[in-house]
Every structure is written in C-alpha cells, then in structure tokens.
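Visitor: Next comes the sequence, and after it the predicted model I'd like to discuss.
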Amino acid sequence: MKLRSKHKIISITVTHAHILLNTGETTKVALNELSFKPKVNDIVEVYQNKDQIIVMKVREKRKPWIYTVIVTIVALVIGGTSLWFLNHRDDSTQVVTKQSSSKKNTSEFSYRSSSSNSSSSSSEPEAPVIETSAEALRDMENDGTLKTGQRYRFTAELFRQSEWADYSGHFKKLNPYYSIWVKASNAPISGIEIQIMKSLTTGWTEGMKITFTVKIMEDSEKFQFWVVTEAIPAPTPKLQQQESTPQPEIQGIDTDAILRGDYTSIAGVWQNASGQQIIFDNKGLVNLGTITSANAGGTNGIIGLQVGSNSSGGSIIIYPIGTSIITRSGIDNSDKNQIRIMAVQSQPIDTSDVYYHISN
C-alpha cells in the first residue's frame, strides 16, 4: 500500500462524521458542514483555517477519452490480424505435418515439461505466518511495506468495544465481516481497525488480550485491510504466574487455589431460578461433567472453567461480588452482592439463569 496522503472517514453518527487522520489521530465534523453525503471509508482531504475545518471528498480520476479511442483501435488491429492468421492456417498445418517424427517427440516433451512446471508453480504453498506486533504492522502500513496476501500473527488488547459494528464500506468481500478495534501504542486515540467474523468475538470484553492471525487484503483502490483468519484469547504465561506474588482471596473466592485445582472456596450447591443445580466439592464438579481447564480473566477475579462431558461441553463462569455479567442484551439483573455462576456455551442473552450458592 502506498503511503496515505489523504484521510479516511471511519464512522458516522446522527450528527457527525469521524475522520481518521494520517497522523493516527481522529477528528469529527458536523454533517451539516459537509458538501457531500459521507460514507464510511470515504477518502477525504481536510483543510484547516483558524477555527474552521473544510472537508472535501477525493474523487476518482477519470481516464481521458483518448485512451478509450486508442484501446478501440488496438482491438480492431488485433482482430484483423487474427482473421488473417486463421485464413492461412491450412498452409501452416501442411508444413507442420511434413516435419520428422523426432521433432514431434521433442516438441511433445517440451510441452509436457512446461505443463508440469506450470502445475507445480500453481500449487505453491501459502506464505508462512510472520510473528510481529500491531505497532510494527501499523508502521509497515504507513511506509508502504505491508505486503498484500501475507499472513501475520500478533497479540493486542481489545479496544473501543462500544463502536464495534458490521462492516459497512465499499469492499464487498468484507460484507460478512465485523469491524473491531485493538490498541497500539502508535495509534493511541483511534486504535487499529481489523475485520473478523462476528461469531469469533462471542464473550469478548474490552481489555482482553487476543492473539490474532490476519491476512492482508487489498481493494481496487489499493487500500489494505487486516482480515482475521484465527483468533485465540491469550493465556496468562505460566512463568509469570509462578514469579508473581500469590493473590489473596478476591471477594471470598480463592482464585490461585482454583487455578491449581482446589475448589474448596466455592464448594457446595449452587442453584438457579429453575431449580437446576451445579455442585462442587474440593476437587471440582460433582455433576455436569469434568473440568478440563481453568483461566482467570484479569484483575476483576472472574474465572472461566472449561467443562467436558459425554454428551456435550461448555463453560462455567464464576463472578466475584461486585463484578458485572456481560450479556448480549446489555442487561445484568443479577445480585452483585453475591458470588454468581453462569453455565454457558456462548455469551448469555440475559442473567435469568444465574446460579447462587444455597448450601455447603
């Protein structure tokens, strides 16, 4: 991608258009001050005179009419040459049939060899994934060295979740995708926009660290997009857990003990409004299946347990006192004065099935 000398509209509200400047900063302009109807991903020029900001849409350059005339003439010449060649084809065929059989064999061998080479080149493996960082990719994008078609892997923190939305630009290949943002130190205000299948973001919350594998795609205007092919929540490194100071109990939950396989701090019977129960002893689950892994979700003390059973699998999320449950409806009616548990296979719609501790 060439170095961007223009600026890009990244979002539009009811009253304003938000513009990502090529410095990495953003600015906003009232819609009634624009002389055109803005769209997301429009390329604009921004001029500032004292307190006034003027925004002009960059229009595509049209090819001069003379190019069209030249192309038409060339096509007519080629067409006429082809007709002449077809008329004299019989003569050429007679000459070819008089060649020796050895020359035929040589010609056939040469054709087979070139066909074999062509097949080998078309089946070349995809380029390997390059380990990098969001900041390094941003720099390559700005200096024009980011390679279209290349795959990169990096870890970044989720950012600006309230603005995540379905892709709405002009690049039709991205219509099934979802636009999200991640943090980068060289884009501290706007962050970096990447495209991902929405189903991969279920259960994600702002601040989580995700390891992304992206493939660089390019539209007809040579703008590049980071398209996610794989996304994995980044685990807490084991070495860091061993060297850090052991955490005290968080709101009655012994997080360190649970991560080591000791469930004494949550042992007992947990029940939801429908009467369904989840039972723990000091070694783990008594019902529902077997715990296959446990992870802590940052400093808020939320713990996620992966559960497997003969018939199905899912997750059990443990929420300490005072923490919120993120739902698809955006509503959390649970009692934050108590420890709560949710048994889920995806992000819950609401908190109607939350479990509370009823007995030891």
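Guide: In hand now; what should we look at?

Visitor: start to end distance for stretch 189-202?
Guide: End-to-end distance for stretch 189-202: 25 Å, by C-alpha to C-alpha, to the nearest Å.

Visitor: for it, which positions count as buried?
Guide: Residues 190-196, 200-201 are the ones in stretch 189-202 that count as buried (16 or more other C-beta atoms under 10 Å). Quick note: C-beta positions are derived from backbone N, CA and C, even for glycine.

Visitor: Out of those, show me where the pLDDT dips lowest.
Guide: Within the set of the buried residues of stretch 189-202, pLDDT is lowest for S190 (82).

Visitor: I'd say that residue and T27 touch.
Guide: No: using C-beta atoms under 8 Å, S190 makes no contact with T27, being 10.3 Å away.

Visitor: Kindly report the domain assignment for this structure.
Guide: 7-57, 65-122, 130-233, 238-359 (automatic domain parsing).

Visitor: Pull the residues that contact stretch 127-137.
Guide: 146, 149-156, 182-186, 192, 213-214, 226 (C-beta atoms under 8 Å, 6 or more residues apart in numbering).

Visitor: tell me the secondary structure for M140?
Guide: With DSSP: H, G, I helix; E, B strand; the rest coil as the basis, M140 sits in helix.

Visitor: Quick check: the gap between it and E230.
Guide: Counting by C-beta to C-beta, to the nearest Å, the gap from M140 to E230 is 20 Å.

Visitor: same question, K39
Guide: For K39, the distance to E230 - C-beta to C-beta - is 30 Å.

Visitor: tell me, which of the domains of the chain is the model least confident about?
Guide: Minimum mean pLDDT among the domains of the chain: domain 65-122, a mean of 56.

Visitor: ok, what's across the strand from I279?
Guide: V269 (DSSP bridges).

Visitor: got the contact list for it?
Guide: I279 neighbours (C-beta under 8 Å, 6+ apart): 268-270, 285-287.

Visitor: so, if you compare these, which one comes nearest to V354?
Guide: Nearest to V354 out of the contacts of I279 is W270 (C-beta to C-beta; 9.5 Å).

Visitor: Can I have the buried ones of the contacts of I279 as a PyMOL selection?
Guide: Buried residues within the contacts of I279, by 16+ other C-beta under 10 Å, are selected in PyMOL with:
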select buried, resi 268+269+270+285
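
Visitor: A helix includes S315, no?
Guide: No: secondary structure of S315 (three-state DSSP): strand, not part of a helix.

Visitor: Pretty sure it sits against L305.
Guide: Yes: assessed by C-beta under 8 Å, S315 is found in contact with L305 at 6.5 Å.
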